[in-house]
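Trainee: just coords:
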């Protein structure tokens with residue numbers, strides 16, 4: 001499930017403000033009282049660093065998403081290697097599956113991530129898994 005934060009304007013009329021606030025909290029939306037907080041508003045400042053870093057094409061703030069197949073396979077291989085007493089070919093195979101699937105996930109995030117945050121996350125994971133295989 002994608003984590004979304006929807007931000008919208010509230011009227012300056014106090015009665016509408018309270019009604020809108022009640023509706024917003026009932027729907028579990030995050031609201032902003034001032035339009036001065038335009039850094040979080042998808043309507044204004046489309047090209048701000050914040051919007052490029054954390055918003056997707058629809059204007060939603062995306063920090064986490066539902067895991068896709070490569071990350072699930074990679075995490076399963078890592079957990080199997082940690083909890084099963086393995087050695088030899090099985091251990092080598094689990095290492096290869098974990099590396100390959102995490103590499104694939106990081107590559108997909110780096111080049112197909114929905115915002116700069118997700119792309120940067122992919123870059124750091126990619127560098128981290130490559131560094132973990134180097135013999136220092």
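Mentor: Thanks, I have the structure now. Only a predicted model underlies this, so the values are computations on that prediction, with no experimental measurement involved.

Trainee: When you work out contacts or count neighbours from here on, use the C-alpha atoms and nothing else.
Mentor: Will do.

Trainee: what's the lengthiest helix in the chain in contact with?
Mentor: When the chain is parsed with DSSP state H, its longest helix is helix 89-112. Defining contact as CA atoms under 8 Å, 6 or more residues apart in numbering, one finds that helix 89-112 is touched by 70-71, 73-78, 80-81, 118-123, 125-126, 129.

Trainee: Residue 53 is in what secondary structure piece?
Mentor: helix 49-54 (DSSP states H and E).

Trainee: Filter the contacts of helix 89-112 down to the buried ones.
Mentor: 70-71, 73-75, 77-78, 81, 118-120, 122-123, 125-126, 129 (16 or more other CA atoms under 10 Å).

Trainee: Which ones among the residues you listed lie within helices?
Mentor: If you go by DSSP H, the buried ones among the contacts of helix 89-112 have 70-71, 73-75, 77-78, 81, 118-120, 122-123, 125-126, 129 in helices.

Trainee: Confirm residue 57 sits in a helix?
Mentor: No: if the criterion is DSSP: H, G, I helix; E, B strand; the rest coil, then residue 57 is coil and not within a helix.
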